[in-house]
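S.K.: Sharing a model prediction with you, sequence too.
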Amino acid sequence: MPQLTVALDMMGGDHGPSVTVPAAAQALSLLPDLNLVLFGLEAELSPWLRRFQLDSHRRVCVQYCSQQVENEHKAAYALRHLTDSSMRNALDALASRRAQACVSAGNTGALMAMAMKTLSTLPGVDRPALITRMPQAGGGYALLLDVGANLSCGAGQLVQFALMGEQAARHILGISQPRIGLLNVGVEANKGNESVREAAQCLQQLQQTEGLHYSGYVEGDELFSGRVDVIVCDGFVGNVALKTSEGVARLLLGQRQQRGFLSKILTVWLKKRLSHLNPDQYNGASLIGLRASVVKSHGSAGSPAFLNAILQAVSEIEHDLPASIAHRFDTAPRDSHAR
């Protein structure tokens, strides 16, 4: 097996090969050790491969499929009936160790179901979580999870997310002692639903027994404050927080033409100062807790954003994030991440 190989679902997302092929070509030009296995429908994919000269590239392997997962497909239907889809084949390549990571911009529910079927979760992990980077006011990033894989979570799952997020912050962000926070509607001990309050008690115990750096509750207005490095919540809350943040970022960066010389100057200055808020720069939510690395790109991502998802997958290969999470769950007390 090549040293660094990523499987790409070329049909996923709103734009398919018109986005994924240019991103793949740029990734290959940036990373001379990168190998790609590409999966897609021949009629749609092959013209783009020829256009970007990837049809005969020595570091590219192409496998044509007969199906693709559409956004409207239910996860159960995709799992049962779309076994020759580009998404399923990309995950199968990961499961058979033809690749070390997989990237898809396709249907999140289908990706979750297929990944759990083909890869399964690590010991001690109930379900994988989607984790993504959030830019911080003082520079750098915090990690937010779950952002959509599990819409409803019990206390045990939230604790598992905290342990997984801790390892991601250590190995991806390079933070030796990540600060963990629970996203809540207030900072007082009696605030929040039962799952959040129970998770807080478990994390406090882990702080005393395992050295976990738990920093308490985090409110929505602290998402970008830099007070914590890992923000934990269920997938419903996390997805709303993420999408709201991205909408505000695009509003601040300006999506409309400004009239007048001064307005244009101010717009250019604002875009430069706030360029780190551009969602394209941190596109790529990792489905962590699985036995291998799976990265979910935004469905609406353009080529620069999909490229960042590929680079995220490469980073996870280099840091072997699944192995780090597996080791953390081996050393944590069993009752600390109980179901």
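M.R.: Yep, it's here.
S.K.: Next, residue 103: secondary structure please.
M.R.: strand (DSSP: H, G, I helix; E, B strand; the rest coil).
S.K.: Give the closest residue to residue 49 in space, chain neighbours not counted.
M.R.: Distances taken as CB to CB, 6 or more residues apart in numbering place residue 55 nearest to residue 49, at 4.2 Å, with adjacent residues excluded. Using the backbone N, CA and C atoms, a C-beta is placed for each residue, glycine as well.
S.K.: Pull the contacting residues for the one you found.
M.R.: Residue 55 makes contacts with 46, 49, 62, as judged by CB atoms under 8 Å, 6 or more residues apart in numbering.
S.K.: could you measure it against residue 18, distance?
M.R.: 16 Å (CB to CB, to the nearest Å).
S.K.: cool, and residue 58?
M.R.: Distance from residue 58 to residue 18, by CB to CB: 24 Å.
S.K.: ok, residue 207 - contacts?
M.R.: Counting by CB under 8 Å, 6+ apart, residue 207 has contacts 213-214.
S.K.: before we move on, which element is it in?
M.R.: helix 194-210 (DSSP states H and E).
S.K.: quick one, which of residue 58 and residue 18 is more surrounded?
M.R.: residue 18 (15 against 7; other CB atoms under 10 Å).
S.K.: tell me how far the helix holding residue 207 is from the chain's mean position?
M.R.: Relative to its parent chain, helix 194-210 has a centroid offset of 25 Å by CA atoms, centre = their mean, to the nearest Å.
S.K.: tilt between the following helix or strand past it and helix 194-210?
M.R.: For helix 194-210, the following helix or strand on the C-terminal side (DSSP H and E) is strand 213-218. Interaxial angle, strand 213-218 versus helix 194-210 (axes from the mean of the first three to the mean of the last three CA atoms, to 10 degrees): 160 degrees.
S.K.: Check which helices and strands strand 213-218 is in contact with.
M.R.: Counting contacts by 3 or more CB pairs under 8 Å, 6 or more residues apart in numbering; DSSP states H and E, strand 213-218 is packed against strand 179-183, helix 194-210.
S.K.: Residue 304: which of these is closest?
M.R.: With respect to residue 304, and counting by CB to CB, the nearest of the helices and strands packed on strand 213-218 is strand 179-183 at 28.6 Å.
S.K.: quick check: mean pLDDT across that closest one?
M.R.: Confidence over strand 179-183 (mean pLDDT, whole number) is 97.
S.K.: what does that strand rub up against?
M.R.: 144, 158, 162, 165-166, 192, 196, 199-200, 203, 212-220, 222-223, 227-233, 237-238, 241.
S.K.: so what's residue 19 up against?
M.R.: If you count contacts by CB under 8 Å, 6+ apart, residue 19 has them with 13, 105, 301-303, 306.
S.K.: name the element it belongs to?
M.R.: Going by DSSP H and E, residue 19 is part of helix 17-30.
S.K.: Could you pull out the buried residues of that helix?
M.R.: Residues 17, 19-28 are the ones in helix 17-30 that count as buried (16 or more other CB atoms under 10 Å).
S.K.: Neighbouring strands of the next helix or strand after it in the sheet, and parallel or not?
M.R.: Once helix 17-30 ends, the next helix or strand along the chain (criterion: DSSP H and E) is strand 35-41. According to DSSP bridges, strand 35-41 forms sheet pairs with strand 5-9 (parallel), strand 60-65 (parallel).
S.K.: what does the last one contact?
M.R.: By CB under 8 Å, 6+ apart, the surrounding residues in contact with strand 60-65 are 11, 24, 28, 35-42, 45-46, 49, 54-55, 84-86, 89, 93.
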